[in-house]
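> build the 3D model from these lines:
(one chain, ligands or ions: 2)
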Amino acid sequence: MLRIAVLVSGGGTNLQAIIDSMKQGKITNTEIGVVISNREQAYAIDRAKQYGINTAVVSPKDYENREEFNLALCEALDSYQVDLIVLAGYLVILPKVLIEKYPNKIINIHPSLIPSFCGPGFYGLRVHEAVLERGNKITGATVHFVDEGTDTGPIILQKAVPVREQDTPEILQKRVMEEAEWYILPEAINLIANNKIKINNTKVYITD
Ligand SMILES: Nc1nc2c(c(=O)[nH]1)N[C@@H](CN(C=O)c1ccc(C(=O)N[C@@H](CCC(=O)O)C(=O)O)cc1)CN2
Ligand SMILES: NCC(=O)N[C@@H]1O[C@H](COP(=O)([O-])[O-])[C@@H](O)[C@H]1O
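Residues are numbered from 1 along each chain as shown. Ligands and ions are numbered 1, 2, ... in the order given. Below you'll find the predicted structure:
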């Protein structure tokens, strides 16, 4: 049984997609050990509570400095004894100490086709604003392993969606979520839970 922690900062629609996929049997051999947010008011926390899932809030605002926050986050995760950490709209850059503690055991969903429109400052609506500004005809989402960089880890899955002429950032965000994110994040978790993912250096291979 793969025990996961889901880290969130916002509305939690990707968390909801994970929960729904588990109930529909699209994710097997998996349990959610805890949902952790850096924001007390994140609706994702409310979603977790509706299903009786353990929750915790570990906010940088509650600590003297970043090092103390990092330690508190590590201790919170360790206390739930998880096998995989899933960043689902988690808007905090994870520290090296955590990456080293969970090597190739942290994954992230990013709302673009990495390596485009990613890295520091690229999150949420900002990503879709940049895509529209550049005039891209396609965009999409990426699930990747998390390393010390920002959105630089090995790519696990990607899914493309069209950009349409009348798109606003909000319309495009909704399409990327509905047609890409909510599919590939659950699929990535299911592949990991069923030992279908192999990593060779920086390349990810899916085995039958
Ligand atoms: N070590 C890593 N940590 C995280 C990664 C990663 O690849 N390596 N992915 C991010 C998620 N992410 C994009 O997918 C991302 C999240 C946040 C930011 C960012 O610039 N955040 C702002 C604060 C935003 C806010 O609080 O409103 C900041 O840190 O100043 C960029 C990319 C998760 N962590
Ligand atoms: N770089 C990270 C990033 O931008 N993540 C994005 O935040 C949103 C969270 O929505 P949710 O809270 O409804 O899942 C999602 O679109 C996710 O891809």
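> let me see the contact set for residue 27.
18, 21, 186, 189-190, 193 (C-beta atoms under 8 Å, 6 or more residues apart in numbering). The way it works is simple: take the backbone N, C-alpha and C, and place the C-beta from them, glycine included.
> over to it. Which of the three states is it?
coil (DSSP: H, G, I helix; E, B strand; the rest coil).
> and the contacts of residue 27, which is closest to ligand 2?
Within the contacts of residue 27, proximity to ligand 2 (C-beta to the nearest ligand atom) peaks at residue 18, which comes in at 9.4 Å.
> got the buried residues for the helix or strand containing residue 156?
According to DSSP states H and E, residue 156 maps onto strand 155-162. In terms of neighbour count (16 or more other C-beta atoms under 10 Å), strand 155-162 has its buried residues at 155-159, 161.
> do stretch 32-50 as well
The neighbour-count check on stretch 32-50 (16+ other C-beta under 10 Å) flags 32-39, 42-45, 47-48 as buried.
> can you narrow the residues you listed to ones near ligand 2?
residue 44 (C-beta under 6 Å from any ligand atom).
> looking at the buried residues of stretch 32-50, which is nearest ligand 2?
Taking the buried residues of stretch 32-50 together and measuring to ligand 2 by C-beta to the nearest ligand atom, the closest member is residue 44, at 5.6 Å.
> show me the contacts for the closest residue in space to that closest one that isn't next to it in sequence.
In this structure, residue 44 finds its nearest non-sequential neighbour in residue 12, 2.6 Å apart by C-beta to C-beta, 6 or more residues apart in numbering. By C-beta under 8 Å, 6+ apart, the contact set of residue 12 is 42-48, 88-89.
> how near is residue 12 to residue 6?
9 Å (C-beta to C-beta, to the nearest Å).
> which residues do these two both contact?
44, 48, 88.
> shouldn't the first one be in contact with residue 8?
In this case it means residue 44. Yes - taking contacts as C-beta atoms under 8 Å, residue 44 lies within contact range of residue 8: 3.7 Å.
> doesn't residue 195 make contact with residue 2?
No - counting by C-beta under 8 Å, residue 2 does not reach residue 195; the two are 9.4 Å apart.
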